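Asks: The following block contains a protein sequence and its predicted model.
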Amino acid sequence: MAEKRINLNTPVVESREQRLGTIIAWDGKASDLSKESAYARGGCGGQQDGNGCRLCEARGAFTQGSVCSEQMVECQAGNVRDAVLIQHSPIGCGAGQVIYNSIYRNGLAMRNLPVESIRIICTNLQESDMVFGGVEKLRQSVQDAKERYDPKAIFISTSCATGIIGDDIDSVAAEYEEAYNIPVIPLHCEGFRSKHWSTGFDATQHGILRQIVKKNPTKQEDLVNVINLWGSDVFTPMLKELNLRVNYVIDLASVADLEQLSEAAATVGFCYTLSSYMAAALEQEFGVPEIKAPQPYGFAGTDAWIRELARVTHREELAEAYIAREHAKVKPRIEELRTQLKGIKGYVATGSAYAHGLIAVLRELGVEVNGSLVFHHDPIYDSGDPRQDSLAHLIDNYGDVPAFSVSNRQQYQFYGLLQRVNPDFILIRHNGLAPLASRLGIPAAPLGDEHIAIGYEGIVNLGEAILDVLAHKKFHQDLAAHVKLPYKKWWLEQEDPFILSKEPDVVNA
Ligand code: SF4
């Protein structure tokens, strides 16, 4: 029997660093990072099991605020339409609810779903609860959730505080699951459990796989799981060309959509960072094939992705006709965009696998990309399949990226990273860094719709979005001329943004 890579037997998900050797700090060339990773290029002696490779990570004593796993659970489990998420935490952990509510409402509107607010309840743990325990507050919150919303499922997220006091959340969940006859799912996602927030994606997916997904599925041969966030509905028209239907999960899905994950003919994602765990587990536990191909960005990636999806679902002829039609349709406009964007330099600062896809699209458009910041790096994804090596696909098809940095949204480093390559614009999904770029006179395309660059049409969309962004350059230059950065001259003069990791004593010099 094949070894199981994913363990659904325990309620606690294995963190990314345990499963995949994920790192959050590194600096060098993309090709070197690829070589040092655990895929087929031979890093770590060519081990491909994700366990033997430990990349050399830049570690330092200083870090600025970032994001945590619990917040990712908020924006995943908290966005299941007919469920409720209970944050078992101090109220501070719920600060993200404001922005997540706005993203949720916009996402619903983009998908033509009824617009409503998120249903997240916080148990508001206080000092006394840290001493005497917070289980009674959690019980009360579960009862409130049931009474107010009559949900189809209740998620309970843990926090650093509950991790410290050790509240028995699993027992409370089991008690109410029996009482209410709906899934009540503990999600173990204490911020300090993992150094990278993407473990929070995995924690949510782990709970859904264990307690919501149908264990005895009836197969639907034209249904494809699309693991995504809130982006616009670009997959339905694409997959319709192959006579396939889309099952979008997890954000904006209903509990019924999550139940049928095990019934699908295949699973795809818009980004392997997000989809890795769920897709691999669905294949392992329910035989739903994960599409093992490059991600659908740029011509090379999209061609390969569609062909593999068509092979797995037995729709090869439809796929070839679709590919030929789309190439003919978008190529003339892409040629125009290449002329308009000639000599322009771009910079990508996003999550890991997504950045690999965006750089590919920029290079299709003839945009120069000399640098990129990814918020973490997974040396391997859960499938362990080299066809999903998105970094190698980028390098092989579109060339190296000389200044390729891994950093989990550290503002203080971002200044130096941008100085190295002096781009005309940046692509970014996490707006926390965009204001810093603006202060340097560099406009940012915020990519609120993360599906903008997918597929053939995505190349055109991104090119047009960049032209829009460049039109705001003067505004940003004016901004740069009138603002002061919050850093000392000493730090602004440092050439190496990672110097605090390499020479910690430099601060005392
Ligand atoms: S779970 Fe921990 S790291 Fe995350 S917001 Fe709460 S206190 Fe901060």
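Replies: Good, I have the coordinates.
Asks: My guess is Val67 contacts Asn431. True?
Replies: No: contact criterion C-beta atoms under 8 Å: Val67 and Asn431 do not qualify, at 11.9 Å. (C-beta placed from N, C-alpha, C; glycine too.)
Asks: okay, the two: which has more neighbours?
Replies: Val67 (19 against 12; other C-beta atoms under 10 Å).
Asks: Now do the contacts for the more buried one.
Replies: Counting by C-beta atoms under 8 Å, 6 or more residues apart in numbering, Val67 touches 197, 408-409, 430.
Asks: Now the buried members of the residues you listed.
Replies: Among those, the ones that count as buried by 16 or more other C-beta atoms under 10 Å are 197, 408-409.
Asks: would you list the residues you listed in TSV and tack on pLDDT and secondary structure?
Replies: Formatted as TSV, these follow (pLDDT from 0 to 100; DSSP: H, G, I helix; E, B strand; the rest coil):
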residue	pLDDT	secondary structure
Trp197	93	coil
Asn408	91	coil
Arg409	88	coil
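Asks: And the residue of the stretch 51-200 of the chain that's closest to the ligand?
Replies: Closest approach between the stretch 51-200 of the chain and the ligand, counting by C-beta to the nearest ligand atom: Gly191, at 2.3 Å.
Asks: Can you list the buried residues in the helix of greatest length in the chain?
Replies: Longest helix in the chain by number of residues, with DSSP state H as the criterion: helix 316-340. Buried residues in helix 316-340, defined by neighbour count with 16+ other C-beta under 10 Å: 318-319, 322-323, 326, 330, 334, 337.
Asks: Asn124: neighbouring residues, count only.
Replies: 17.
Asks: Using the three-state scheme, assign it.
Replies: coil (DSSP: H, G, I helix; E, B strand; the rest coil).
Asks: one step back: next SSE after the longest helix of the chain?
Replies: strand 345-350 (DSSP states H and E).
Asks: Show the secondary-structure elements that the helix or strand of the chain with the lowest mean pLDDT is packed against.
Replies: Least confident helix or strand, the chain: strand 444-445 with a mean of 87, by mean pLDDT, DSSP states H and E. Here strand 444-445 touches strand 425-428, helix 434-439, helix 455-470, going by 3 or more C-beta pairs under 8 Å, 6 or more residues apart in numbering; DSSP states H and E.
Asks: Check the ones you listed for me: which has the lowest mean pLDDT.
Replies: Across the helices and strands packed on strand 444-445, helix 434-439 has the smallest mean pLDDT, namely a mean of 92.
Asks: what's that one in contact with?
Replies: Contacts of helix 434-439 (C-beta under 8 Å, 6+ apart): 411, 414-415, 418, 426, 428, 443-444, 446, 476, 479-480, 483, 485.
Asks: Tell me the residues of the stretch 1-150 of the chain that contact the ligand?
Replies: The stretch 1-150 of the chain comes close to the ligand at residues 68, 70, 89, 93, as judged by C-beta under 6 Å from any ligand atom.
Asks: Rebuild those residues as a markdown table, extending it with secondary structure, pLDDT and neighbour count.
Replies: Formatted as a markdown table, those follow (DSSP: H, G, I helix; E, B strand; the rest coil; pLDDT from 0 to 100; neighbours: other C-beta atoms under 10 Å):
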| residue | secondary structure | pLDDT | neighbour count |
| --- | --- | --- | --- |
| Cys68 | coil | 94 | 24 |
| Glu70 | helix | 96 | 30 |
| Ser89 | coil | 98 | 24 |
| Cys93 | helix | 97 | 26 |
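Asks: and the two most separated of those residues?
Replies: Cys68 and Ser89 (10.7 Å; C-beta to C-beta).
Asks: which one of the contacts of helix 434-439 is nearest the ligand?
Replies: Using C-beta to the nearest ligand atom, these come closest to the ligand at Gln411, 17.4 Å.
Asks: neighbours around the closest one, how many?
Replies: 16.
Asks: And the contacts of helix 434-439, which is the shakiest by pLDDT?
Replies: Among the contacts of helix 434-439, pLDDT bottoms out at Pro446, giving 69.
Asks: Would you mind measuring from the nearest residue to Leu242 once chain neighbours are set aside to Asp222?
Replies: The shortest distance from Leu242 to any residue other than its chain neighbours is 4.5 Å, reached at Arg315 (C-beta to C-beta, 6 or more residues apart in numbering). Distance of Arg315 to Asp222, given as C-beta to C-beta, to the nearest Å: 9 Å.
Asks: Those two: who's more crowded?
Replies: Taking neighbours as other C-beta under 10 Å, Arg315 and Asp222 compare with Arg315 leading, 20 against 13.
Asks: The more buried one reaches Glu241, doesn't it?
Replies: No: using C-beta under 8 Å, Arg315 is not in contact with Glu241, being 9.1 Å away.
Asks: where along the chain do the strands fall?
Replies: Assigned by DSSP state E, the strands in the chain fall at 25-28, 83-87, 120-122, 153-157, 184-187, 223-228, 245-250, 266-269, 345-350, 368-374, 403-407, 425-428, 444-445.
Asks: What sits closest to the residue in the stretch 351-500 of the chain that the ligand sits nearest to if chain neighbours are left out?
Replies: Proximity of the stretch 351-500 of the chain to the ligand (C-beta to the nearest ligand atom) peaks at Asn408, 12.4 Å away. Using C-beta to C-beta, 6+ apart and skipping residues adjacent in sequence, the residue nearest Asn408 is Ile24, 4.4 Å away.
Asks: ok, the one you found to the ligand distance?
Replies: In this view, Ile24 and the ligand are 14 Å apart by C-beta to the nearest ligand atom, to the nearest Å.
Asks: since we're on that residue, how many residues are nearby?
Replies: Neighbour tally, Ile24, other C-beta under 10 Å: 25.
Asks: distance of it from His196?
Replies: Distance from Ile24 to His196, by C-beta to C-beta: 5 Å.
Asks: quick revisit: pull up the overlap in contacts between Arg315 and Asp222.
Replies: Joint contacts of Arg315 and Asp222 (C-beta under 8 Å, 6+ apart) are 243-244.
Asks: Run through the residues that contact Lys502.
Replies: 58, 496.
Asks: where does the stretch 151-300 of the chain come near the ligand, residue by residue?
Replies: Selection of the stretch 151-300 of the chain residues close to the ligand by C-beta under 6 Å from any ligand atom yields 159-160, 190-191.
Asks: Just these: which are in helices?
Replies: Reading helices off these with DSSP H, I get Cys160.
Asks: Alpha carbons of stretch 5-24, in PDB - could you do that?
Replies: Presented in PDB, the C-alpha positions along stretch 5-24 are these (Å, rounded to 0.1, in the frame of the first residue of the first chain):
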ATOM      1  CA  ARG A   5       1.500  11.600   3.000                       C
ATOM      2  CA  ILE A   6      -1.400  13.300   4.800                       C
ATOM      3  CA  ASN A   7      -2.600  12.300   8.200                       C
ATOM      4  CA  LEU A   8      -6.300  13.000   8.700                       C
ATOM      5  CA  ASN A   9      -6.500  10.800  11.800                       C
ATOM      6  CA  THR A  10      -5.600  13.500  14.300                       C
ATOM      7  CA  PRO A  11      -7.500  16.800  14.700                       C
ATOM      8  CA  VAL A  12      -4.300  18.800  14.500                       C
ATOM      9  CA  VAL A  13      -2.900  19.500  11.000                       C
ATOM     10  CA  GLU A  14       0.900  19.000  10.600                       C
ATOM     11  CA  SER A  15       2.400  22.400   9.900                       C
ATOM     12  CA  ARG A  16       4.000  23.400   6.600                       C
ATOM     13  CA  GLU A  17       7.500  23.400   8.000                       C
ATOM     14  CA  GLN A  18       7.000  19.900   9.300                       C
ATOM     15  CA  ARG A  19       5.400  18.600   6.100                       C
ATOM     16  CA  LEU A  20       7.100  20.600   3.400                       C
ATOM     17  CA  GLY A  21      10.200  22.300   4.900                       C
ATOM     18  CA  THR A  22       8.600  25.700   4.300                       C
ATOM     19  CA  ILE A  23      10.900  28.800   4.900                       C
ATOM     20  CA  ILE A  24      10.000  32.400   5.400                       C
END
